[in-house]
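Peer 1: everything below, folded, please.
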Amino acid sequence: MSHWRTLLPGEDCQSAPARWHYLERSTTGLFPDEPLMRLAVRSVSPHHAFGALEKEILSVQDKLNDVEFHTAHSLVSYFRAFLPQDYPIGQQVKQSHAAISGVQSTRVTCWRWCPSCVTENEARFGLAYFHRDHQLPAVFHCLVHGDVLVSGCHECGWHHYRLNEQSVPPKDNACPDCGAWLEAKPIAMTDTMQRIEAASVRLAHSPIVPDRRLALVRRVRELAGVSTLERNSVAERRLLGVWQKRFLTHFSEYELGTWFRNLNVHRGILCHPMMRSPRLTQISSVAAHPHPLVYLLLEDFLAVTPELAMHG
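Peer 2: Numbers count the residues shown, from 1 in each chain. Predicted structure coming up:
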């Protein structure tokens, strides 16, 4: 069955081993017993970076440093885009200053798929599979077909949370519990949501740009009217506080609710705590790294509202 041990176009590399396991089990009746396959049938949820499964598949496929592979199938380029260049891939980072926060705070809690992709995949490959781009945060549509991405059934309440529950999208896009056709309700997209959706996909497909975070922070400090030489003075904190308020109030409650869970109110402003991370304003910060989605919001804010981003 070695011909199955390849990734299909745009396939999410963390979901592929579950598909391989399903094919080998259903064809041979045997349960593959090897590290990768044992990891594949655990409770694997979407949009996780640098975990044991990702490390194992990158090692097995010899793709640890393959930029083309990462931009097509993995989350490595996505999560490393704003990280130090020496950030370890596939290792558990225990130090708080090196950890990534907020992975559990996005709205990507279920595996998602496009009904049109299911139809095309089944016709071409015999079964559907999970596309990496469909699992990205702030992405609500298949950018190929325009379909709203599906994660469950509105008729009976079934949702696809983990790969050990189902290895591939439901056959014929029919609910495995009640048989209903699976579709998602239309979502109202603001102009900002459309830009962030495109930016999220673009980030996953792009090679890493060195020092992207540092360049962004320098721009923020310039617009806030403070020096790139951090002094942590009262005046500096005040100016950065004024700038931060403009950033936090730029996005609507509806937009924030579509991107994040666990929003809270900070000084009368609804936001996600990651949006107040020192990593956005301090070059030498030792705080945990916020989710890449936060940096995309910051880049969009600076691009479309330069007059608001300017100090005084």
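Peer 1: from here on, just use CA atoms for contacts and neighbour counts.
Peer 2: Fine.
Peer 1: pLDDT below threshold where in the stretch 201-312 of the chain?
Peer 2: For the stretch 201-312 of the chain, residues meeting the criterion pLDDT under 70 lie at 306-312.
Peer 1: and the strands in it?
Peer 2: With DSSP state E, counting those that start in this stretch as the criterion, the stretch 201-312 of the chain has strands at 264-266, 269-271.
Peer 1: deepest of these, which one?
Peer 2: Among the strands of the stretch 201-312 of the chain, ranked by average contacts under mean count of other CA atoms under 10 Å, first place goes to strand 269-271 (a mean of 17).
Peer 1: quick one, which of the strands of the stretch 201-312 of the chain gets closest to residue 248.
Peer 2: In this view, the strands of the stretch 201-312 of the chain are compared for proximity to residue 248 by CA to CA, and strand 269-271 is the closest at 6.5 Å.
Peer 1: can you list contacts of that closest one?
Peer 2: Under the criterion CA atoms under 8 Å, 6 or more residues apart in numbering, residues 248-249, 253, 256, 263-265 lie in contact with strand 269-271.
Peer 1: over to stretch 75-83?
Peer 2: With contacts defined as CA under 8 Å, 6+ apart, stretch 75-83 is touched by 47-50, 67, 70-71, 87, 89, 203-209, 211-213, 289, 291-292, 295.
Peer 1: can you do 7 Å?
Peer 2: 49, 70-71, 203-204, 207-209, 212-213, 292 (CA atoms under 7 Å, 6 or more residues apart in numbering).
Peer 1: just stretch 253-262 next, same as before
Peer 2: With CA under 7 Å, 6+ apart as the criterion, stretch 253-262 contacts 105-107, 137-138, 193, 270, 272.
Peer 1: from residue 281, how far out is residue 222?
Peer 2: Here the distance between residue 222 and residue 281 works out to 10 Å (CA to CA, to the nearest Å).
Peer 1: skipping adjacent residues, who's closest to residue 137 in space?
Peer 2: With CA to CA, 6 or more residues apart in numbering as the criterion, residue 137 has its nearest non-adjacent residue at 5.9 Å, and that residue is residue 108.
Peer 1: looking at residue 222 and residue 281, which is more packed in?
Peer 2: Shown here are residue 222 and residue 281; by other CA atoms under 10 Å, residue 281 has more neighbours (24 against 15).
Peer 1: with just CA atoms, put the host helix or strand of residue 77 into CSV.
Peer 2: Here residue 77 is covered by helix 76-80, with elements defined by DSSP states H and E. Listed next in CSV are the C-alpha coordinates belonging to helix 76-80 (Å, rounded to 0.1, in the frame of the first residue of the first chain):
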residue,chain,number,x,y,z
VAL,A,76,5.1,25.4,9.8
SER,A,77,5.4,28.4,7.6
TYR,A,78,2.2,29.8,9.0
PHE,A,79,3.2,29.6,12.6
ARG,A,80,6.8,30.5,12.1
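Peer 1: so for it, what gets flagged as buried?
Peer 2: By neighbour count on 16 or more other CA atoms under 10 Å, the buried set for helix 76-80 is 76-80.
Peer 1: what does stretch 192-206 give?
Peer 2: Neighbour-count burial for stretch 192-206, with 16+ other CA under 10 Å as criterion, is recorded at 193, 196-197, 199-201, 203-206.
Peer 1: same thing with stretch 147-159?
Peer 2: For stretch 147-159, the neighbour count (16+ other CA under 10 Å) marks 147-153, 159 as buried.
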